[in-house]
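S.K.: based on what follows, work out the 3D shape:
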Amino acid sequence: MNKNWILLATLLLWTGTLCAQHSFSTFGAKAVADKKYEAFAYPEAIKLYKHLAEKGDSSAHVLRRLANSYRLTHQDEEAKEWYNKLLSIETDEPEDFYHFAQVLKKLGEYEESDLQMK
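M.R.: Predicted coordinates for the structure are as follows:
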């Protein structure tokens, strides 16, 4: 009986440690990505934000910075994809619509661009 309690306590501690490491690594990756973005190192920021998005972080902050990074490195198809994801999660930032419209215009999608500007 005593062995079972020790085993259970060890298992719970181990599980808690893994969860804490995962959340810390996600937070750490976002902080590093933010520093890269703020330093205009967009290609490096793209890698980090994309990793965060693939791991399930679909926050407006991550999606916005990922879309902006693609736009600022003239990767317009990828920017369009990430702006679509960003705008699908109810954002009220006018800049998001404006930047998305710019990307659409660069891709020759003028009618859709005009709709985004309204």
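
S.K.: give me the low-pLDDT residue ranges for this structure?
M.R.: Scanning the chain for pLDDT under 70 picks out 1-2, 4-5, 7-26.

S.K.: the helices in it, which residues?
M.R.: Listed in chain order, the helices of the chain (DSSP state H) span 2-38, 42-54, 60-72, 76-87, 94-106, 110-116.

S.K.: so which bits of stretch 103-118 are buried?
M.R.: 103-105, 113, 116 (16 or more other C-beta atoms under 10 Å). Just so you know, the C-beta spots here come from the backbone N, C-alpha and C atoms, and that holds for glycine as well.

S.K.: make JSON lines from those residues and add distance to Pro94 to it.
M.R.: What follows is the buried residues of stretch 103-118, written out as JSON lines (distance: C-beta to C-beta, whole Å):
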{"residue": "Val103", "distance to Pro94": "15"}
{"residue": "Leu104", "distance to Pro94": "16"}
{"residue": "Lys105", "distance to Pro94": "16"}
{"residue": "Ser113", "distance to Pro94": "15"}
{"residue": "Gln116", "distance to Pro94": "11"}
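
S.K.: for Ala53, grab the count of nearby residues.
M.R.: 17 (other C-beta atoms under 10 Å).

S.K.: quick one: it from Glu112, how far?
M.R.: Ala53 is 23 Å from Glu112, where distance means C-beta to C-beta, to the nearest Å.

S.K.: show the contacting residues for the closest residue to Ser58 other than its chain neighbours.
M.R.: Using C-beta to C-beta, 6 or more residues apart in numbering and skipping the chain neighbours, the partner closest in space to Ser58 is Ile89 (6.7 Å). Neighbour list for Ile89: 58, 60, 63 [criterion: C-beta atoms under 8 Å, 6 or more residues apart in numbering].
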